[in-house]
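1. Have a look; sequence and predicted model below, questions after that.
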Amino acid sequence: MLPAVLLLTLSLFAPGRCAEKQSESGAHHSLWKVDGKKNTIYLLGSIHVLKKEDYPLPAPIEAAYTNSQILFFEADLDAAKEPAVALKIQSKMMLPEGETLKDYLSEETFGKLNDHLKEVGLPAVMFERLKPAMAATMMEVMELQKLGFVPQYGLDEHFYRRAKKDDKEIVAFETVEFQLDLLGGFSKAESEVFIKSTLRDIDKLKQEFADLIKAWKTGDSDALAKMLNEASEESPALFKRLVADRNQSWLARIQEAAAGDKNALIVVGAGHLVGNDSLVALLKKKGYKVTQL
């Protein structure tokens, strides 16, 4: 299974970018064009953490932004900065009073977690009250930060800031609280799978993340879909909740936009745009002409 953060990077928090002017293959980008009745809807796959040197973006992506009057994102990126929301976020990250991470894991997995934290120099006390998926994500984000990948340079963050500066219309599919509830609502069995797979694969994070970014840069939908399929096979219920169900919930909003007269750029995790349950596949089933650029 993909490490937790790779799955989330593909599908949830959402933030990737490309430093080259065109994809390495010279063929495609993680960018699709949907023909509306009077307008164009662009679907841009995002990886939520990247490096400063991953800019500037390829010309087709820049053109999609320039040509769009509305931008859709998975969530309102400014909401988390509001004090009231920040308090809610902190609360949603934590386990109920009286519970600890140890209560959600087998003795073996909890022992391996503590061994890993000691190995990388992280105090176990930082994690003991975190919900399991939050703990897994934090471990992986910290590993990525060591490699120089940060949310500040995420594709979502990049275009969200530009859209605000350029006074473009901004629409959020979900609230930050909703996204945190996705991570906080895992059963004990799901929590065990999440932490176990994270500990198993975290040492391969550097290579797997490099593979992920390469697939994004070259618009390799098959490779991205394969990464997601591995996750879906190991934990189909989690995949359904984190990816497939959310695609279905966003579909009506996208169809509404396609029926309007304004061009729109939809920036969501790259995993939402590949595979049988993807937005691309769902729109094609609805009869839309969808073309990868």
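-> Thanks, I have it. Residues are numbered from 1 along each chain as shown.
2. Which pLDDT value belongs to the closest residue to residue 265 other than its chain neighbours?
-> Computed as CB to CB, 6 or more residues apart in numbering, the closest residue to residue 265 that is not its neighbour in sequence is residue 68, at 3.9 Å. The way it works is simple: take the backbone N, C-alpha and C, and place the C-beta from them, glycine included. Predicted confidence (pLDDT) for residue 68: 98.
3. let's number from 3 now, not from 1
-> OK, 3 is where the count begins now, so the last one is residue 70.
4. For residue 70, give me phi and psi.
-> Torsion angles at residue 70 (phi, psi; degrees, to the nearest 10) stand at phi -100, psi 140.
5. Could you do the one 4 residues further on as well?
-> Main-chain torsions, residue 74, degrees, to the nearest 10: phi -110, psi 140.
6. give me the beta-bridge partners of it?
-> Beta bridges link residue 74 to residue 173, residue 268, judged by DSSP bridges.
7. That one touches residue 264, doesn't it?
-> No - between residue 74 and residue 264 there is no contact under CB atoms under 8 Å: 11.6 Å.
8. more crowded one of these two?
-> residue 74 (23 against 15; other CB atoms under 10 Å).
9. show me what contacts that one?
-> By CB atoms under 8 Å, 6 or more residues apart in numbering, the contact set of residue 74 is 173-175, 255-256, 259, 266-270.
10. From residue 284, how far out is residue 31?
-> Plainly put, residue 31 is 20 Å away from residue 284 if you go by CB to CB, to the nearest Å.
11. So between those two, which is more surrounded?
-> residue 31 (24 against 20).
12. Excluding sequence neighbours, find me the nearest residue to that one.
-> Residue 31 sits nearest to residue 221 (CB to CB, 6+ apart), 4.7 Å away.
13. sec struct for the one you found, please.
-> At residue 221 the chain is in coil, as set by DSSP: H, G, I helix; E, B strand; the rest coil.
14. Kindly tell me how buried residue 54 is, as a neighbour count.
-> Residue 54 has 11 neighbours, counted by other CB under 10 Å.
15. before we move on, the earlier item: is it true that the residue nearest to residue 31 touches residue 32?
-> Yes - taking contacts as CB under 8 Å, residue 221 lies within contact range of residue 32: 5.3 Å.
16. more crowded one of the two?
-> residue 32 (29 against 25).
17. Average pLDDT for stretch 275-289, rounded please.
-> 96.
18. Skipping its backbone neighbours, what lies nearest residue 177 in space?
-> residue 77 (6.4 Å).
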